[in-house]
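Undergrad: This is a predicted model, with the sequence first.
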Amino acid sequence: MMYNPAGSEVEGEWIELFNNGSDAVNVTGWVVTDQDGSDDFVFPRMEMPSGAFVIIHVGTGNNSTDFSNGAAEFYLFKHSAFLSNSGDDICLLNGSDVVDYIRFWRMENGARSRLQLY
């Protein structure tokens, strides 16, 4: 996850998912959302192979689902940042089931960040 890139927030933010299981996972209809609760990304009909990555970019580009380089890439085509630099959370849902959840925030002094995995 890149939530505070050195350059453009929109073009530099991304979320990466990895299938560390031994089998492909059908992620059709799964949803990635942040703390505002809106469905920010809904997976198209696809299976994520074992050992493969999915990278979800905030900015613009060409979607690729072929996993030819071990990854599929999607673009949200947003015109503003998706993730807050001061803290946010990201949830991966399969229907109402939470598949994965991550929370991050910047400490009071602004010098350190904390990442919490669930």
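TA: Yes, it's here. Numbers count the residues shown, from 1 in each chain.

Undergrad: helix or strand for the spatially most central residue of the chain, which one?
TA: Ranked by distance to the mean C-alpha position of the chain (C-alpha atoms, centre = their mean), the top residue is residue 15 at 3.1 Å. For residue 15, the host element (DSSP states H and E) is strand 14-18.

Undergrad: Just checking the distance from that strand to the centre of its chain.
TA: Remark: strand 14-18 is offset 5 Å from the chain centroid, using C-alpha atoms, centre = their mean, to the nearest Å.

Undergrad: Next: stretch 15-25.
TA: In this view, stretch 15-25 has its centroid 13 Å away from the chain centroid, taken as C-alpha atoms, centre = their mean.

Undergrad: quick one: low-confidence parts of the chain?
TA: 1-5, 9-10, 35-39, 84, 106-118 (pLDDT under 70).

Undergrad: Nearest residue to residue 23 in space, ignoring adjacent ones along the chain?
TA: Excluding its sequence neighbours, the residue lying closest to residue 23 (C-beta to C-beta, 6 or more residues apart in numbering) is residue 50, at 5.9 Å. The C-beta positions use only the backbone N, C-alpha and C, and glycine is treated the same way.

Undergrad: and the one you found, how many residues sit next to it?
TA: 12 (other C-beta atoms under 10 Å).

Undergrad: Repeat that for residue 40.
TA: The number of residues packed near residue 40 is 19, by other C-beta under 10 Å.

Undergrad: which residues touch it?
TA: For residue 40, the contacting residues are 31-34, 76, 82, by C-beta atoms under 8 Å, 6 or more residues apart in numbering.

Undergrad: now it, what's its secondary structure?
TA: Three-state call for residue 40 (DSSP: H, G, I helix; E, B strand; the rest coil): strand.

Undergrad: Do a quick rundown of the helices in this structure.
TA: Assigned by DSSP state H, the chain shows helices spanning 9-12.

Undergrad: Look through it and tell me its longest strand.
TA: The residue-count maximum for a strand in the chain (DSSP state E) belongs to strand 97-106.
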